[in-house]
Each structure stands twice: as C-alpha cells, then as structure tokens.
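Novice: model the structure of this input:
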Amino acid sequence: MKDHIETTTAWVCDKCDKALVSQKVKVRYLEGNFEVDLLKCPECNMVFIGEDLALGKILEVEKSLEDK
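Specialist: Numbers count the residues shown, from 1 in each chain. Have a look, this model is predicted:
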C-alpha cells in the first residue's frame, strides 16, 4: 500500500463538514491487523476508503488472507 495519501484533497466529512486529514488508522480483517495511512475525519473519526484502494490493494489482501 502507499506510504502516504495525498492530503491536498477536497474531501470533507458529510456528517461533520470537516476536512479529512491523513492519519494512521488501525485496520483489522480476519486474523490480520494493519496500520495504514487513510483519510479520517478529525471530529467523528469516520475513515474514508477510496474506490481505488477498496477494489485494488485491499481486495488483494482480503483474497490472500482468505486463501490461508
């Protein structure tokens, strides 16, 4: 996965109307725990996972973990 997410985006939290910030987020899937830089709302902590990431790298990791 990318080490850093572009932070000059116009992404804004729909709930809080705050600009999302790039932050380390703990992600857990099956038995695996990962720490990844993702865009996150500083107010409600909702995390944004873009389509490219969800259908790309995360899907690859998901398939490899399920095969084990």
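Novice: any idea what the closest residue to Phe48 other than its chain neighbours is bridged to?
Specialist: What sits nearest to Phe48 in space, not counting adjacent residues and going by CB to CB, 6 or more residues apart in numbering, is Leu39, at 4.2 Å. For every residue, glycine as well, the C-beta is placed using N, CA and C. Assessed by DSSP bridges, Leu39 has beta-bridge partners Ser22, Phe48.
Novice: residues contacting Leu39?
Specialist: By CB atoms under 8 Å, 6 or more residues apart in numbering, the residues touching Leu39 are Ile5, Thr9, Trp11, Leu20, Val21, Ser22, Gln23, Val47, Phe48, Gly50.
Novice: my guess is Leu53 is in a helix, correct?
Specialist: Yes: according to DSSP: H, G, I helix; E, B strand; the rest coil, Leu53 belongs to a helix.
Novice: coming back round to it: next, format the contacts of Leu39 as CSV and append distance to Asn33.
Specialist: Listed next are these as CSV, based on distance: CB to CB, whole Å:
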residue, distance to Asn33
Ile5, 19
Thr9, 26
Trp11, 25
Leu20, 23
Val21, 22
Ser22, 20
Gln23, 17
Val47, 15
Phe48, 20
Gly50, 21
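Novice: wait, which of these is closest to Leu30?
Specialist: Ranked by distance to Leu30 (CB to CB), the contacts of Leu39 are led by Val47 at 18.4 Å.
Novice: quick one: the closest one from Val36, how far?
Specialist: 9 Å (CB to CB, to the nearest Å).
Novice: for Lys57, same thing?
Specialist: Between Lys57 and Val36 the computed distance is 9 Å (CB to CB).
Novice: settle it for me: which of those two has more neighbours?
Specialist: The neighbour comparison of Lys57 against Val36 (other CB atoms under 10 Å) goes to Val36, with 18 against 13.
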